[in-house]
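Q: Next comes the sequence, and after it the predicted model I'd like to discuss.
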Amino acid sequence: MQTIEFCLDEALDLGKMELDLLVEGNIEEAEALANDRGRLLDMAWQGRGRVSQEVFLDKMEKLQAVHSMVSAEARRLHKLLKEDLIRTRKKGQGFSGYRSGMSATQEARFINKTG
């Protein structure tokens, strides 16, 4: 079985790699690392009594700092995605208005030719 310190160190490394992947925009791989990191943290939490409290708290504080950076990057990506969706919706509404304007013009053109 893996030691608690190894689990915490590995979770810290995975958190840093997850942050790098998020910055690069590789969401799928970052999600897989997040799941692995969560599994390691669960294992470490269950065995927290087998390691000194000072070591455990020190590593948990480092993990908290990495988690805060990962969360901030995820919020930034979410904001960008939301802005892109809003921009796309507005562009679609503009095209919809243009399309409805064009169909009325086409009908009027055909009516004028026969009349």
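A: Happy to help now that I have it.

Q: Could you list which residues are in contact with Ile4?
A: Met43, Ala44, Gly47, Arg48, Arg50, Val51, Phe56 (Cβ atoms under 8 Å, 6 or more residues apart in numbering). Just so you know, the C-beta spots here come from the backbone N, C-alpha and C atoms, and that holds for glycine as well.

Q: could those go into a markdown table alongside neighbour count?
A: What follows is the contacts of Ile4, written out as a markdown table (neighbours: other Cβ atoms under 10 Å):
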| residue | neighbour count |
| --- | --- |
| Met43 | 17 |
| Ala44 | 25 |
| Gly47 | 16 |
| Arg48 | 13 |
| Arg50 | 11 |
| Val51 | 16 |
| Phe56 | 19 |
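
Q: quick one: which of those residues is nearest Arg76?
A: Relative to Arg76, the closest of the contacts of Ile4 is Ala44; by Cβ to Cβ it sits at 28.0 Å.

Q: give me the number of residues near the nearest residue to that closest one once chain neighbours are set aside?
A: Among residues not flanking Ala44 along the chain, Cys7 sits closest, at 4.2 Å (Cβ to Cβ, 6 or more residues apart in numbering). Using other Cβ atoms under 10 Å, Cys7 has 23 neighbouring residues.

Q: In CSV, list the contacts of Ile4 along with secondary structure.
A: Compiled in CSV, the contacts of Ile4 are given as follows (DSSP: H, G, I helix; E, B strand; the rest coil):
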residue, secondary structure
Met43, helix
Ala44, helix
Gly47, coil
Arg48, helix
Arg50, helix
Val51, coil
Phe56, helix
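
Q: Need those in JSON lines (columns: pLDDT).
A: Output for those, formatted as JSON lines (pLDDT from 0 to 100):
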{"residue": "Met43", "pLDDT": "92"}
{"residue": "Ala44", "pLDDT": "92"}
{"residue": "Gly47", "pLDDT": "88"}
{"residue": "Arg48", "pLDDT": "86"}
{"residue": "Arg50", "pLDDT": "88"}
{"residue": "Val51", "pLDDT": "87"}
{"residue": "Phe56", "pLDDT": "92"}
